[in-house]
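Engineer: give me a model of this one.
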Amino acid sequence: MNRAPRDIFTAVLHRWRGSLQLRVAATTLVLSAIVTLVLGVVLLDQIRNGLLDAKTRASVSQLDFGIRYAADQFDATDRSTPTNIRATARQVIGHLVGGGSQPTAFGVVLLATAPGGESEFTDSPASVPHSLRDVVARQGREAWTYTTIVGNDGVTEPGLVVGGPVPTTTAGFQLYYLFPLSQERQTLALVERTMLLAGAAIVLLLVVITLLVARQVVRPVRQAAATAERLAAGRLRDRMTVRGEDDLASLATSFNRMAETVERQISQLRELSRVQRRFVADVSHELRTPITTIRMAADVLHDSRADLPPELARSSELLQTQLDRFEALLADLLEISKHDAGAVALDAEPIDLRAIVTGVVDSTAPLASLRSCTVRVDLPDEPVVAEVDARRIERVLRNLVANALEHGEGQPVEVRLRGGPGGVAVTVRDRGSGLRPGETSLVFGRFWRADPARARSSGGTGLGLSIALEDARLHGGWLQAWGQPGAGSVFRLTLPWRAGADITESPLPLEPADDSTTQSATTEVAGA
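Structural biologist: Residues are numbered from 1 along each chain as shown. Below is the predicted model of the structure:
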């Protein structure tokens with residue numbers, strides 16, 4: 001049940017990350033909404049205060065008129081009997097309610113403050129707040145307050161009450177006006193609706209305008225990205241369309257110039273690489289004929305070295321050794337040139353890799369004996385049958401085992417073979433000097449040696465690991481290295497069960513388990 005919301009969230013997040021236009025529009029929407037909201041609140045507050053101030057001024061003016069009228073009426077009244085005073089009070093109320101100049105007045109209250117109590121004359125059931133009465137009585141001045149008033153129909157609503165003392169010698173009176181704020185509330189509600197609609201329209205217009213502007217800016221960028229992808233795919237002649245003379249047109253022009261420069265440089269590099277590969281292949285091939293003749297003569301001298309003087313006999317042995325190394329170098333150069341030219345064919349067939357590992361260990365036994373080193377082999381009991389080119393995999397493993405024996409400093413070399421769901425793997429570990437940080441990314445380079453002096457008693461062409469890497473890639477596999485100074489090194493070959501298939505994981509770890517707590521350097525150089 002939770003999968004659908006998660007998928008929707010993932011899709012929205014992907015869309016958000018992948019669209020600059022969407023992010024610009026969303027940012028504009030949020031910021032403009034915030035600005036519009038803040039401005040709306042400020043304006044509404046100003047309008048509300050303006051309406052209330054205008055209402056208060058009008059109410060006070062109405063109160064002044066009522067107080068003057070009430071004072072004139074009470075001064076002209078016969079003060080001999082209270083009946084006349086009450087009659088005059090009701091007359092004042094009736095006149096102020098019926099003939100007031102302010103048609104919005106809700107009600108009028110005339111409060112007589114006698115020494116023994118109070119009498120209230122009003123046309124409304126609403127009562128004046130006692131706090132306002134106290135202020136008027138105590139300070140003897142006009143005052144006002146906001147409160148809730150009750151109409152004749154019993155409906156309550158916010159209102160404004162203003163009042164003040166009536167200056168008369170007949171009796172003490174206070175006059176109050178009760179003004180409902182319904183009209184102001186309606187006006188404010190209308191302003192709120194208008195501002196809300198106007199704000200929403202402004203925000204939407206800003207978003208639309210932003211989308212249009214962003215589209216004009218993003219479109220050339222998308223075209224540049226699409227053109228760059230086509231260039232990366234090998235279509236080096238694709239160019240951006242230049243429109244106008246603005247900054248975007250300048251961008252397209254600069255991009256096209258860059259593409260032309262890249263195309264020219266890549267073409268030159270391709271031609272140089274082709275010439276270099278052809279030169280290596282031709283030289284290697286052409287050297288085979290004179291090397292064959294020299295080999296025949298060297299064999300004759302080597303076979304007759306017993307009849308030669310000691311210095312000539314030694315020279316014939318050195319000649320034989322160097323010819324072996326030279327022929328190995330020629331063979332490696334021809335092999336690597338075939339890989340560069342893409343002319344290598346894979347002759348894969350199902351084979352038990354245990355037999356290949358065993359054969360490699362047996363073939364390197366003389367070197368192990370020479371180095372006073374033992375080779376420990378860890379093979380599973382069940383057959384590990386994978387579809388591989390036996391000759392190439394044997395060459396890869398022989399190179400790895402020989403290097404481990406050469407650099408193992410007499411320590412045991414471990415060879416392990418395992419198969420798993422992700423593929424089949426062989427690891428070769430030595431406990432020699434190891435690799436320094438950064439060398440795991442260089443060890444598969446052509447003619448690279450860990451020894452800067454390039455002094456190795458057993459020879460070597462410097463192309464063995466490079467060819468091994470190409471053979472691993474040819475199978476769709478990985479060839480990886482791990483190393484640490486003083487802890488030795490590990491080389492791991494991971495192959496798919498079927499040649500060319502995908503590898504999900506390696507059944508053997510690259511970093512040794514007993515060195516898991518130490519800081520190591522690992523690098524994947526194939527299969528990425």
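Engineer: helices along the protein, start to end?
Structural biologist: 3-18, 20-75, 82-99, 130-139, 182-232, 247-303, 310-341, 353-363, 365-370, 390-407, 464-474 (DSSP state H).
Engineer: and the residue nearest to S466 when sequence neighbours are not counted, how many neighbours?
Structural biologist: Nearest non-adjacent residue to S466, counting by C-beta to C-beta, 6 or more residues apart in numbering: R446, 4.7 Å away. Placement of C-beta: from N, CA and C, glycine included. Counted with other C-beta atoms under 10 Å, residues neighbouring R446 total 14.
Engineer: ok, R446 to L463 distance?
Structural biologist: 6 Å (C-beta to C-beta, to the nearest Å).
Engineer: show me how the record splits this structure into domains.
Structural biologist: 15-235, 239-344, 350-524 (automatic domain parsing).
Engineer: and those, which is most packed in?
Structural biologist: Neighbour counts (mean count of other C-beta atoms under 10 Å) averaged over each of those peak at domain 350-524, with a mean of 18.
Engineer: run the chain-centre distance for it.
Structural biologist: Here the centre of domain 350-524 is set off from its chain's centre by 38 Å, with C-alpha atoms, centre = their mean, to the nearest Å.
Engineer: confidence score at S284?
Structural biologist: For S284, the pLDDT comes out at 64.
Engineer: shaky segments in the stretch 401-528 of the chain?
Structural biologist: 448-461, 514-528 (pLDDT under 70).
Engineer: weakest of the domains of the chain in terms of mean pLDDT?
Structural biologist: For these, the weakest mean pLDDT is recorded on domain 239-344, namely a mean of 75.
Engineer: and that one, how far out from the chain's middle?
Structural biologist: For domain 239-344, the distance to the chain centre is 44 Å (C-alpha atoms, centre = their mean).
Engineer: quick one: the residue nearest to S466 and G464 touch, right?
Structural biologist: No - in this structure, R446 is not within contact of G464 by C-beta atoms under 8 Å, at 10.1 Å.
Engineer: OK, contacts around T88?
Structural biologist: Q73, F74, T77 (C-beta atoms under 8 Å, 6 or more residues apart in numbering).
Engineer: now the last one. Nearest residue, chain neighbours left out?
Structural biologist: What it means is T77. Spatial nearest neighbour of T77, chain neighbours left out: T88 (4.3 Å); criterion: C-beta to C-beta, 6+ apart.
Engineer: tell me which strands the strand ranked longest in the chain pairs with, and in which orientation.
Structural biologist: Counting by DSSP state E, the longest strand found in the chain is strand 156-166. Applying DSSP bridges, strand 156-166 is found paired with strand 143-150 (antiparallel), strand 173-180 (antiparallel).
Engineer: quick one: which of those is nearest L269?
Structural biologist: Ranking these by proximity to L269 (C-beta to C-beta) places strand 143-150 first, at 84.6 Å.
Engineer: that closest one vs helix 130-139, what angle?
Structural biologist: Interaxial angle of strand 143-150 relative to helix 130-139 (axes from the mean of the first three to the mean of the last three C-alpha atoms, to 10 degrees): 150 degrees.
Engineer: which outside residues touch strand 143-150?
Structural biologist: Here strand 143-150 has contacts from 52, 56, 59-60, 106-107, 124-126, 129, 131-132, 135-136, 156-164, 178, 180-181, using C-beta under 8 Å, 6+ apart.
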